[in-house]
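> Just a sequence and a predicted model for now, questions to come.
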Amino acid sequence: MVDAMMTSRSMTTWSIVLSVLMILAGALAIGAPMLAGIAMTLIVGWMLLFSGVLHLVFAWSGHGARTIIGEILIAIVYGAIGVFLLANPLMGLTSLTVALAIYLVITGALELVLAVQLRPLIGSGWLLVAGIVALALAAMIYMSWPSATLWVIGTLVGISMVFSGISRLAMTMALRRPIAA
């Protein structure tokens with residue numbers, strides 16, 4: 001029983017430390033959004049390059065010429081975009097910002113349509129709010145273009161990290177209370 005309490009306390013201590021580090025990293029991203037945006041661009045570039053390699057490897061396990069050719073073409077596209085992002089992180093950041101704005105417009109519009117269709121259901125108003133927020137964010141990016149490239153991705157990633165850290169910290173503290181008692 002005592003060992004289990006010590007293990008739980010140790011795990012919650014680590015969770016608190018990681019939560020605080022996540023909050024600090026998020027604050028750093030908000031404070032230096034261009035640096036954070038470029039870092040995200042490089043991470044996405046490496047993930048795409050790795051995905052391209054995996055598709056290439058998977059192509060050789062394919063059955064039939066169409067499957068193999070399809071996987072090779074996908075590998076080439078992923079790899080080329082990954083190399084582009086790694087070689088040109090600022091241009092890649094611009095591309096990601098445009099992609100984010102397009103994503104926000106599409107999801108915002110779809111959420112508005114869904115909110116209208118589901119209007120009689122309880123809670124459908126939240127879809128309306130989500131749609132309006134997505135469209136407002138897209139409009140913010142559009143109205144501040146091209147300078148939005150320098151702050152959008154890093155700021156949004158930073159905000160997400162801060163909120164994730166706060167929610168993890170709150171959950172850990174709630175779990176820790178019974179242990180301390």
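Good, I have the coordinates. Numbering: from 1, shown residues only.
> residue contacts, the residue positioned nearest the centre of the chain?
When Cα atoms, centre = their mean is applied to the chain, the residue found nearest the centroid is residue 157 (6.7 Å). Shown in contact with residue 157 (Cβ atoms under 8 Å, 6 or more residues apart in numbering): 26, 29, 36-37, 40. C-betas here are computed from N, CA, C, even on glycine.
> May I see the residues you listed organised as CSV, with neighbour count, secondary structure and distance to residue 91 added?
Putting the contacts of residue 157 into CSV (neighbours: other Cβ atoms under 10 Å; DSSP: H, G, I helix; E, B strand; the rest coil; distance: Cβ to Cβ, whole Å) gives the following:
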residue, neighbour count, secondary structure, distance to residue 91
26, 21, helix, 25
29, 24, helix, 20
36, 23, helix, 17
37, 28, helix, 12
40, 20, helix, 14
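> ok, of those residues, which one's closest to residue 46?
The closest of these to residue 46 turns out to be residue 40 (Cβ to Cβ; 10.9 Å).
> Could you pull up the residues touching the closest one?
93, 96, 153-154, 157.
> let's go with 7 Å and repeat that
Listed by Cβ atoms under 7 Å, 6 or more residues apart in numbering, the contact partners of residue 40 are 153-154, 157.
> and what of residue 81?
Contacts of residue 81 (Cβ under 7 Å, 6+ apart): residue 48.
> Quick one: classify it as helix, strand or coil.
When classified by DSSP: H, G, I helix; E, B strand; the rest coil, residue 81 comes out as helix.
> This structure: helices as residue ranges?
2-31, 33-59, 65-87, 89-117, 124-143, 152-180 (DSSP state H).
> Do I have it right that residue 101 meets residue 142?
Yes. Look at residue 101 against residue 142 with Cβ atoms under 7 Å: they come within range, at 6.2 Å.
> Thank you, goodbye.
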